[in-house]
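Chemist: I need the structure of the sequence given here:
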Amino acid sequence: MARKAIVHKSRKFMERVLRAKKEGRKIPLSTRAYNRCSLCGRPNGYMRDFGVCRCCFREHAEKGLVPGVRKSSW
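Modeler: Numbering: from 1, shown residues only. Now for the predicted structure:
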């Protein structure tokens, strides 16, 4: 329950930041904005290129859901 509340609060804040950016205003409390995984809400291990954390990335890559990513073997 606590994680859902944090994710909701983070999304709400990011919406405010994007709205302010769109209107050309200064972003309020810009240092509080940080990235979270779009699937599980994890704040650490975030991969910016894919928008998910390392755990979710690995799961999706193993299933073949991430285009252009293959398991390496040598």
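
Chemist: The longest helix along the chain: which residues count as buried?
Modeler: In the chain, with assignment by DSSP state H, the single longest helix is helix 2-23. Buried residues in helix 2-23, counted by 16 or more other Cβ atoms under 10 Å: V7, S10, V17. Bear in mind the C-beta positions are built from the backbone N, C-alpha and C, glycine included.

Chemist: got it, and stretch 50-57?
Modeler: Result for stretch 50-57 [16+ other Cβ under 10 Å]: buried residues F50, V52, C53, C56, F57.

Chemist: For it, the averaged confidence score.
Modeler: Across stretch 50-57, pLDDT averages out at 90.

Chemist: what's in contact with stretch 52-63?
Modeler: The set of residues external to stretch 52-63 that reach it, using Cβ atoms under 8 Å, 6 or more residues apart in numbering, is 37-40, 42, 44-47, 50, 66, 69, 71.

Chemist: 7 Å - rerun?
Modeler: Here stretch 52-63 makes contact (Cβ atoms under 7 Å, 6 or more residues apart in numbering) with C37, S38, L39, C40, R42, G45, Y46, M47, F50, V66, V69.

Chemist: Mind checking which of those residues are buried?
Modeler: C37, R42, Y46, F50, V66.
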